[in-house]
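Chemist: structure for the following, please:
(4 chains)
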Number of protein chains: 2
Amino acid sequence: MSDAALWTALADPHRRAIVALLLERPRPVGEIAEACGLSQPSASKHLKVLREAGLVRVSQDAQRRVHALDPAPIAALDAWLEPYRRLWNRSLDALGRRLDETPADT
Amino acid sequence: MSDAALWTALADPHRRAIVALLLERPRPVGEIAEACGLSQPSASKHLKVLREAGLVRVSQDAQRRVHALDPAPIAALDAWLEPYRRLWNRSLDALGRRLDETPADT
DNA sequence: TTTGTGCATTCCTTGACGGGTATATAACTG
DNA sequence: CAGTTATATACCCGTCAAGGAATGCACAAA
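Modeler: Okay, here's the model as predicted:
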């Protein structure tokens, strides 16, 4: 669940697809594999990475392992993003001021 | 500046360090290399990745290439994060309700 | 024009990652 | 128990990314 694991987990497009899929609702491995066009082993491995990053939680239902999104690590990303968001907002403000102060000549 | 390039760029710890460094102020390559404990070529290559992801802009100052953070792509990350943040907030709300409705027995 | 500085690029090697196949494990079914 | 379903793991292989050393290139100073 280290910060690095989180970034690594989300760096892969397939894993982001899985995460997006789980945003809808929890799903068993097979369903995830099919929906993402992955082989079952591949899906299992990606889910393992997501699990180790804390992004996903498993609950067992008979033979199925239902994976659900755990939103907690998202907060970490959000926190990381915070200082940059500040910068971004400052940029927008500056742009806004420039637009305000410029006579409308077009 | 594709979404994938952005994730790939930020997936590397060294590159996140560079980005954090540039949050302070723009810097020439050599300074970045030293601050991050990177060789000059390595720093150049990482900066190239960041540039191609749109995270960094260069301005030339004599022989120096001063790199500055461009916060625009951050907005893309923020947008990506949005639906998960919703989920996260719902979780907090649910927790809050549970705490409210539970008699304080501790 | 020669010399020096700052940076980019190339080549090479190595290690990590992802995909596929085959196999192991666990749980249900009869 | 044997057989089937759902998933995990092991192994192999191809690819790709990162680091280091050496080199190329642009600009500046003398």
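Chemist: how about the strands in chain A?
Modeler: A:27-28, A:56-61, A:64-69 (DSSP state E).
Chemist: out of those strands, nearest to DNA strand D?
Modeler: Proximity to DNA strand D (C-beta to the nearest atom of the strand) singles out strand A:27-28 among the strands of chain A, at 3.0 Å. Where C-beta positions appear, they are placed from N, C-alpha and C, glycine not excepted.
Chemist: show me what from chain A comes close to DNA strand D.
Modeler: Contacts of chain A with DNA strand D, taken as C-beta under 7 Å from any atom of the strand, map to A:28-31, A:40-41, A:43-45, A:47-48, A:58, A:63-66.
Chemist: follow-up on the earlier one: so can I have TSV of the strands of chain A showing distance to DNA strand C?
Modeler: Converted to TSV, these look like this (distance: least, C-beta to the nearest atom of the strand, whole Å):
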stretch	distance to DNA strand C
strand A:27-28	13
strand A:56-61	7
strand A:64-69	9
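Chemist: so which of those strands is nearest chain B?
Modeler: The closest of the strands of chain A to chain B is strand A:64-69. By C-beta to the nearest C-beta, the value is 6.8 Å.
Chemist: partner strands of the closest one, with direction?
Modeler: strand A:27-28 (antiparallel), strand A:56-61 (antiparallel) (DSSP bridges).
Chemist: of the residues of chain A next to DNA strand D, buried ones?
Modeler: Buried by 16 or more other C-beta atoms under 10 Å in any protein chain shown: A:28, A:29, A:31, A:43, A:47, A:66, out of the residues of chain A next to DNA strand D.
Chemist: so who does the fourth one touch?
Modeler: Neighbour list for residue A:43: A:18, A:29, A:30, A:32, A:33, A:36 [criterion: C-beta atoms under 8 Å, 6 or more residues apart in numbering or on different chains].
Chemist: now flag whichever of the residues you listed is closest to chain B.
Modeler: Proximity of the contacts of residue A:43 to chain B (C-beta to the nearest C-beta) peaks at residue A:18, which lies at 13.0 Å.
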